[in-house]
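Chemist: dropping the sequence and predicted coords here.
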Amino acid sequence: MGIGIIGIVLPLVPTTPLLLLASFFFVKGSKKFEIWFKNTKVYKKYLEEFVNERAMTLKQKISTVLLSDCMIAFPFFLTDRISVKIALILMEIYKYYYFFCKIKTIKDTSKLSLEKENK
């Protein structure tokens, strides 16, 4: 978790994957933390449906990918090393492939539930 926090400041240290990994181990190690984490807005909005169904809405996919693009753009423009830029571009290509080919896209359930309530 400490390395993930350091990654907030240092451009080439990945923050999000390390913090997610730390959260995974915290959840596995503490039932109290698992209950707290699963009741947070972030978990409910971005992860709950993915964890339960291995699927995301198109809106969730796009917002996640765009946020990630912004985070990866910082080291891309801050470095002069071609090898780092190539690695970042390859990560971006794989990320788009994974999100749009490997993760199932589902309809927005919040809109469907609102439509049912209005009828």
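Modeler: Cool, got the structure.
Chemist: what's the domain layout of this protein?
Modeler: 1-39, 54-107 (automatic domain parsing).
Chemist: what strand or helix carries residue 28?
Modeler: Assignment of secondary structure by DSSP states H and E places residue 28 within helix 16-29.
Chemist: mind listing residues that contact that helix?
Modeler: If you take CB atoms under 8 Å, 6 or more residues apart in numbering as the criterion, helix 16-29 is touched by 1, 3, 4, 5, 7, 33, 34, 37, 68, 71. (C-beta placed from N, C-alpha, C; glycine too.)
Chemist: among those, which two are most distant?
Modeler: 34 and 71 (26.3 Å; CB to CB).
Chemist: just list the residues touching the residue positioned nearest the centre of the chain, thanks.
Modeler: Closest to where the C-alpha atoms of the chain average out (CA atoms, centre = their mean) is residue 64, at 5.6 Å. Counting by CB under 8 Å, 6+ apart, residue 64 touches 46, 56, 99.
Chemist: residue 43 now?
Modeler: residue 37.
Chemist: so how far is residue 23 from it?
Modeler: For residue 43, the distance to residue 23 (CB to CB, to the nearest Å) stands at 9 Å.
Chemist: between the domains of the chain, which gets the lowest average pLDDT?
Modeler: Comparing mean pLDDT across those, the lowest value falls on domain 1-39: a mean of 78.
Chemist: name the residues of it that come out as buried.
Modeler: Judged by neighbour count (16 or more other CB atoms under 10 Å), domain 1-39 contains these buried residues: 4, 7, 11, 14, 15, 18, 19, 23, 27, 37.
Chemist: then stretch 99-111?
Modeler: Applying 16+ other CB under 10 Å to stretch 99-111 flags residue 99 as buried.
Chemist: off-centre distance for the helix or strand harbouring residue 32?
Modeler: Secondary structure assigned from DSSP H and E places residue 32 in helix 31-38. Relative to its chain's centre, helix 31-38 lies at 19 Å (CA atoms, centre = their mean, to the nearest Å).
Chemist: and for stretch 87-97?
Modeler: 14 Å.
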